[in-house]
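**Q** Model the structure of this input:
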Amino acid sequence: MKQSIDMFENLADRPGHLIRRLHQIHVGLFLEESAKYDLTPVQFGVLTVLADGAVRDQVTVAALVGVDRNTAADVIRRLAGRGLLERPSNPSDKRTKMAKITEAGREMVKAVQPGMIKAQFRFVEPLSDEEYHQFMALAGKLIDANDHNSRAPWRPLLESSNDDVTLSE
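**A** Now for the predicted structure:
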């Protein structure tokens, strides 16, 4: 890409600003479609990565969602307060904070899923199929190339055998 000092003079010419606006729009669509459940996209993301029933530590949950550890801890605490997650202890390391979805949490995921899907479709509706695939490929390329610069790198494909914990109940 040819660089020019004039490329980013206007706010509307700054990729970061446009991405922030896209994020705001998507959050608005998600909240509109799932308003009756009182969940944010990040809260739903945490429930989603725990929906398989695995018990995971907060650091792993943070990495799977792509948020910092403090945000993950706060979200997990709030979801546990609503009875959507449990916070079992880790018998092999008492310092580690764990999270596990409850049956109510699984039901919440099932209930919110249709609205989340509708929000995703509404968000990309202006794009043709070809543009959608191009957008997804370009977004993935930018994430792959720049994720190491994030304060909360995203690790969506963690090896579950290394990060999940089996707890005796």
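**Q** how about Phe30, secondary structure?
**A** Assigned by DSSP: H, G, I helix; E, B strand; the rest coil, the conformation of Phe30 is helix.
**Q** now it, nearest residue through space, not along the chain?
**A** Distances taken as Cβ to Cβ, 6 or more residues apart in numbering put Ala119 closest to Phe30, at 4.5 Å, once the chain neighbours are dropped. Where you see a C-beta, it was placed from the backbone N, CA and C, and this is true even at glycine.
**Q** do Arg14 as well
**A** Nearest to Arg14 is Phe8, by Cβ to Cβ, 6+ apart, at 4.9 Å.
**Q** re earlier: secondary structure element for the residue nearest to Phe30, which one?
**A** Assigned by DSSP states H and E, Ala119 belongs to helix 103-124.
**Q** worst-scoring helix or strand of the protein, pLDDT-wise?
**A** Counting by mean pLDDT, DSSP states H and E, the chain has its least confident helix or strand at helix 160-163, which shows a mean of 42.
**Q** Torsion angles phi and psi at the residue nearest to Arg14?
**A** phi -120, psi 20 (degrees, to the nearest 10).
**Q** What distance do you get for it to Ala145?
**A** From Phe8 across to Ala145, the span is 18 Å (Cβ to Cβ, to the nearest Å).
**Q** So those two - more neighbours on which side?
**A** Each of Phe8 and Ala145 has its neighbours counted (other Cβ atoms under 10 Å); Phe8 has more, 14 against 9.
**Q** rewinding a little: how far off centre is the helix or strand just after the helix holding Ala119?
**A** Sequence-wise, the next helix or strand downstream of helix 103-124 (DSSP H and E) is helix 129-146. Centre-to-centre, helix 129-146 and its host chain are 17 Å apart (Cα atoms, centre = their mean, to the nearest Å).
**Q** can you list contacts of helix 129-146?
**A** Val124, Leu127, Trp154 (Cβ atoms under 8 Å, 6 or more residues apart in numbering).
**Q** relative to helix 103-124, how tilted is that helix?
**A** Between helix 129-146 and helix 103-124, the angle comes out at 110 degrees (axes from the mean of the first three to the mean of the last three Cα atoms, to 10 degrees).
**Q** Go through helix 129-146 and flag the buried ones.
**A** Residues of helix 129-146 classed as buried: none (neighbour count, 16 or more other Cβ atoms under 10 Å).
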